[in-house]
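Visitor: prediction below, plus the sequence it came from.
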Amino acid sequence: MALPSPLARLLLVLALGLVSEFAWAPYSMSWAMLPILGAVYLCLAATRQPALVGGLALAFGIAQHASGHAWIYAALVDKAGLPVPFAVLATAIFVLYLALFMALPSVLWARFLLRAPPVGASCDMVSAVALAALWAFGEWMRSACLGGVSSLALAYAWLDTPLEGLIPLGGMHGTGLFVYLIGFGAGPALSRLKARQPRQATALGMLLVCALALGQWGRSMPWIDAEGATMDFRLVQTGIPQRDKFDPDSAGRIVRQVTTTMASSPAALVVAPETAFPMFFHQLPMGIVDTLVQFARRSGSHLFVGVAHMGSQLRGHNSLLHVAPGSAPLSFHHKVLLMPFGEYGPRGFDWFSRRLNMAFKDLVPGPVDQPAFDVGDHRIGTMICHEDSVGWFVRQRALDASVLLNPSNLAWFDHSKAIPQGLAMVRVRALENGRPVLRVANTGITAHVDHRGRLIGSLPPYMAAELKGEVQPTKGTTPYARTGDWPFVVACLTMLLAIGLRRQKCQRV
């Protein structure tokens, strides 16, 4: 199926990229992504020249990420105080970077599969499978580079659908591979169906049935069981606007306010957000730590609160302080995956970081092998802020824990699509690992997510409030938690190797 002109294809992929953001939260029109991917495949397959194919894929990626990540620009201007020209440049570079993970796989696909003369209908589905494997692999690569950027990964769009059960089986990327296979396969299947060649449509239908069956099995979670009794919790959403949080004149008042709230009533887990204390631990006013320690001992509560911590060689960490009722009450967990520019300046970009009006932007990561916190008979794992977007990292935390905590400060992105997108990430992490997540954010969304990824309770954003409830710790290991991303990587490489051999056969047809 050929479109009228290269310009028509370019305009179409740009439009498809713009509307594709409706597949993700807060719109969650996930099924719309399948015809979008099918149309993108037909546009790329009709183009054939590698450079033009890469350009079309780049255009689709730029449109999708510019639309879906527009909150980056707003945060840089409104919260970080970056001048508009620099914010435009930084956002453009970020969007281009993400789009390259679609463009470069497409160039490889065109170079090795489309440059040969047309080979007939029998290889159309083979070509679609190759593109699906390459785009899924590209998505995996961007989640592994620069601390991991997985927002708008395809799997996040399939929560609350029959396909969400694929997530505990193959993780975010395995699920994405299935969706890419169905979406890209829809293009050649439907075009051949019109030509009364139903074989490819039949294969696509079988793939969809297989995905639905696996999804139903995955949603049953047969590998996960309850571990012990439930634990009561209090999640303290402080509701402090970003413009006030790091104001030096307000810091003392905020620390006292958070301390008073945390020590107001007991619970097994009392959790405050990332950097709820907006200063370094050694700068806390006198009496604050003693108040928390005495309350923990008196009530038997375990308190968790975000505070920066000065480590060796005067290097700072973004940390979570644990105040326990025992004889050694204080311990820290240091964030491992720091946010580029927000918490550290990548080498060569100091000129950019200096222009950001952000506290704690020169931090160092904590050790990877930090243990989980002990709370009674349970182990409590942590993922601080955007660590919740990196599946392989959270998997390591979940293997040593029965409950996951996710303290965050998302006030940088208030009133934007980043807030519901972030909640979707947390729900996918819960599904991947079969572990409940207690998420507490400064201005929201604070939520209790169970081990099936279901939203059990949440608070309205942008207000000071508490979420109270009981969480059921879990034990057991999902297939994804057991194996990680290796089956996905092997599946992609195996497909591409088999298709490379198949290509030679197609050229002889």
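Guide: That came in fine, so what should we check first? No experiment lies behind these values; they were computed from the predicted model shown. Numbers count the residues shown, from 1 in each chain.

Visitor: which residues does the residue nearest to the spatial centre of the chain contact?
Guide: Averaging the C-alpha coordinates of the chain gives a centre point, and the residue nearest to it by C-alpha atoms, centre = their mean is Ser389 (2.9 Å). Residues near Ser389 by C-beta atoms under 8 Å, 6 or more residues apart in numbering: Ser143, Gly148, Val149, Ser150, Ser151, Gly422, Met425. All C-beta atoms are positioned from the backbone trio N, CA, C, and that covers glycine.

Visitor: check those residues and tell me the two furthest apart.
Guide: By the measure C-beta to C-beta, Ser143 and Gly422 form the most distant pair in the contacts of Ser389, at 15.0 Å.

Visitor: out of the contacts of Ser389, which sit inside strands?
Guide: Judged by DSSP state E, the subset of the contacts of Ser389 located in strands is empty.

Visitor: just the residues you listed: which has the poorest pLDDT?
Guide: Taking the contacts of Ser389 together, the minimum pLDDT is found at Gly148 (78).

Visitor: and the spatially closest residue to it that is not a sequence neighbour, how far is that from Val84?
Guide: With sequence-adjacent residues excluded and distances taken as C-beta to C-beta, 6 or more residues apart in numbering, Gly148 is closest to Val390, at 3.8 Å. Distance of Val390 to Val84, computed by C-beta to C-beta, to the nearest Å: 31 Å.

Visitor: swap in Gly183?
Guide: According to C-beta to C-beta, Gly183 and Val84 sit 37 Å apart.

Visitor: before we move on, what about Phe332?
Guide: For Phe332, the distance to Val84 under the criterion C-beta to C-beta works out to 39 Å.

Visitor: so between these two, which is more surrounded?
Guide: Phe332 (16 against 10; other C-beta atoms under 10 Å).

Visitor: A strand includes the more buried one, no?
Guide: Yes: when classified by DSSP: H, G, I helix; E, B strand; the rest coil, Phe332 is found to be part of a strand.

Visitor: is it bridged to anything, and to what?
Guide: Partner residues in beta bridges with Phe332: Leu321, with DSSP bridges as the criterion.

Visitor: the stretch 101-250 of the chain: strands as residue ranges?
Guide: The residue ranges that make up the strands of the stretch 101-250 of the chain, judged by DSSP state E, counting those that start in this stretch, are 225-226, 231-237.

Visitor: ok so, going back, residues contacting the residue nearest to Gly148?
Guide: For Val390, the contact set (C-beta under 8 Å, 6+ apart) comprises Ser143, Gly147, Gly148, Ser150, Leu337.

Visitor: returning to that earlier point: ok, so of the contacts of Ser389, who is nearest Leu159?
Guide: Sorting the contacts of Ser389 by distance to Leu159 puts Met425 at the head of the list, at 10.0 Å, by C-beta to C-beta.

Visitor: now for the closest one: which residues touch it?
Guide: Ser150, Ser151, Tyr156, Asp388, Ser389.

Visitor: do Gly183 as well
Guide: Applying C-beta under 8 Å, 6+ apart, one finds that Gly183 lies in contact with Met33, Leu34, Pro35, Ile36, Leu37, Gly38, Tyr41, Ala132.
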